[in-house]
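S.K.: Take a look and give me a structure for this.
(one chain, ligands or ions: 1)
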Amino acid sequence: MICPDWVTALDESDTLAPLRAGFVLPAGCIYLNGNSLGPPPAGTGSRIAGCVMDEWGRDLVASWNRHNWIRKPDQVGALIAQLIGASPEEVVATCSVSANLLKTLSAVLSLSGARKEVLISDDEFPTDGYIADALARFGMAQVRRAPRAQLAAAATGDTAAILFSHVNYRTAEIANLRTMSDAARRAGAMTVVDLSHSTGAIPVDVNAAEVDFAVGCGYKYLNGGPGAPAFVFAASRHHHRMDHLLAGWMGHSEPFAFEAGYRPHPGARRFLSGTPPILAMVALLEGVERIAEAGVERLWQKSRALSELFLSETRTARERHGLELLSPTDPMARGSHLAFRHDRAFGISQALIAAGVMGDFRAPDCLRLGFAPAYLSYGEIWTAARRLESVLERGDYLSSGDADRGVVT
Ligand SMILES: *Cc1c(COP(=O)(O)O)cnc(C)c1O
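M.R.: Below is the predicted model:
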């Protein structure tokens, strides 16, 4: 189907359009899932190959010094810091979001005296709750859940940490960091913010909002590759006192002094645990550099334009077939994806994939479509809207059973 001229004109005047050539994407696929796994930047393959052949293959273990591998987590962290309003020494790239939640929650507990409560939203991404629950099983925390909208008001004199996602993984709703951290401070508690769905997608300023700790994901909008290192942010005001549960040798002030006792490295680097995965760090660096160059403010602006185009182009079909928008209708109130509710959401997501539009499904009834603007055109979004319309009109999603649901949806 040929795009109308007004859509073509949007692409022709799009100053971010040249970024598309910087990504590897299969022909014929409209990729609306960059919120789950970003595609590879075009430079990632050669950059990893260069690290293997020219550094690892040539200088072997001497590469830790000669190619400054030992500082890679700080180097990547400093670049991520620019995207989230932090100082370089406040951010380090390390481990997974899950492991970093354990580190940051335990860091809060190390600063909170008798307070043990972790307050968490009842619709939070599951791993965030699992990690808090694990701390509770070991007697180190008590976990209380409250609706996301009431989280700020729910903090009490027992609360150590309010743990929440800046952008909700399901609805894309943005939480106000300032409001949350003010509420935490009034109750004498701290914030641990999960930036997985906001880093590289929307503007973030953790220090303007006086966030205490944050974690975030490297493989979504940062395009760092499957299982890319995640990151930790720790506000500098906590650096002199904070401790955490995974304090391993790479977070030591002098790992190669091989001292029996732990002496933490200054700054966020103490959140390193074991040896950093250098090949993965190199891939993440490539992804973060591309996003930092593009500028998050401009990316978010285009993302809003793309999702608004999609909504207006599918409005009639969505209303006729009961595909209900779960995301905020105000584009300023949401991150870079849209969520829709439908009893047959899984069937719709499968029929869309068969039609060349790759989004995802989140149990039990949520269709998620991501509008990562670094590699999507207005033309693709218009085409995706036509395909959703035709999937809904044909009704073939009704016959796609859940039997063929894979382990990963
Ligand atoms: C993607 C995501 C994670 C991922 O955690 P990993 O441990 O890195 O797999 C965690 N929390 C949220 C909110 C996410 O969106």
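
S.K.: Can I get the host helix or strand of residue 133 in PDB? Just the C-alpha atoms.
M.R.: Taking DSSP states H and E as the criterion, the element that holds residue 133 is helix 126-137. Only the C-alpha atoms of helix 126-137 are listed here, as PDB (Å, rounded to 0.1, in the frame of the first residue of the first chain):
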ATOM      1  CA  PRO A 126       7.800  -8.500  38.200                       C
ATOM      2  CA  THR A 127      11.600  -8.700  38.800                       C
ATOM      3  CA  ASP A 128      11.500  -5.500  40.800                       C
ATOM      4  CA  GLY A 129       9.100  -7.100  43.200                       C
ATOM      5  CA  TYR A 130      10.800 -10.500  43.200                       C
ATOM      6  CA  ILE A 131      14.100  -8.900  44.300                       C
ATOM      7  CA  ALA A 132      12.400  -7.000  47.100                       C
ATOM      8  CA  ASP A 133      10.600 -10.100  48.200                       C
ATOM      9  CA  ALA A 134      13.900 -12.000  48.200                       C
ATOM     10  CA  LEU A 135      15.300  -9.500  50.600                       C
ATOM     11  CA  ALA A 136      12.200  -9.900  52.800                       C
ATOM     12  CA  ARG A 137      12.600 -13.700  52.800                       C
END
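
S.K.: From the contact counts, what lies against it?
M.R.: Applying 3 or more CB pairs under 8 Å, 6 or more residues apart in numbering; DSSP states H and E, we find helix 126-137 packed against helix 97-111, strand 117-121, strand 142-146, strand 159-165. Heads up, the C-betas are built off the backbone N, CA and C, glycines and all.

S.K.: Including mean neighbour count and distance to residue 265, could these go into JSON lines?
M.R.: Converted to JSON lines, the helices and strands packed on helix 126-137 look like this (neighbours: other CB atoms under 10 Å; distance: least, CB to CB, whole Å):
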{"stretch": "helix 97-111", "mean neighbour count": "23", "distance to residue 265": "13"}
{"stretch": "strand 117-121", "mean neighbour count": "25", "distance to residue 265": "26"}
{"stretch": "strand 142-146", "mean neighbour count": "17", "distance to residue 265": "30"}
{"stretch": "strand 159-165", "mean neighbour count": "26", "distance to residue 265": "23"}
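
S.K.: In a markdown table, list the ones you listed along with distance to the ligand and mean pLDDT.
M.R.: Converted to a markdown table, the helices and strands packed on helix 126-137 look like this (distance: least, CB to the nearest ligand atom, whole Å; pLDDT from 0 to 100):
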| stretch | distance to the ligand | mean pLDDT |
| --- | --- | --- |
| helix 97-111 | 3 | 98 |
| strand 117-121 | 10 | 98 |
| strand 142-146 | 15 | 98 |
| strand 159-165 | 5 | 98 |
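
S.K.: For the ones you listed, give me TSV that also has distance to residue 318.
M.R.: Below are the helices and strands packed on helix 126-137 laid out as TSV (distance: least, CB to CB, whole Å):
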stretch	distance to residue 318
helix 97-111	32
strand 117-121	27
strand 142-146	31
strand 159-165	26
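
S.K.: Ok, which of these comes nearest residue 343?
M.R.: strand 117-121 (24.8 Å; CB to CB).

S.K.: Show me what from the chain comes close to the ligand.
M.R.: With the criterion set to CB under 6 Å from any ligand atom, the chain comes near the ligand through 96-98, 125, 127-128, 165, 169, 194, 196-197, 217, 230.

S.K.: Can you show me the strands along the stretch 1-150 of the chain?
M.R.: 30-31, 91-94, 117-121, 142-146 (DSSP state E, counting those that start in this stretch).

S.K.: circling back: of all the helices and strands packed on helix 126-137, which one is nearest residue 88?
M.R.: Comparing the helices and strands packed on helix 126-137 by CB to CB, helix 97-111 comes nearest, at 17.8 Å.

S.K.: The strands of the stretch 1-150 of the chain: which one's closest to residue 298?
M.R.: strand 30-31 (19.7 Å).

S.K.: who's in contact with that closest one?
M.R.: By CB atoms under 8 Å, 6 or more residues apart in numbering, the surrounding residues in contact with strand 30-31 are 25, 39, 356-358, 372, 375-376, 380-381, 383-384, 387.
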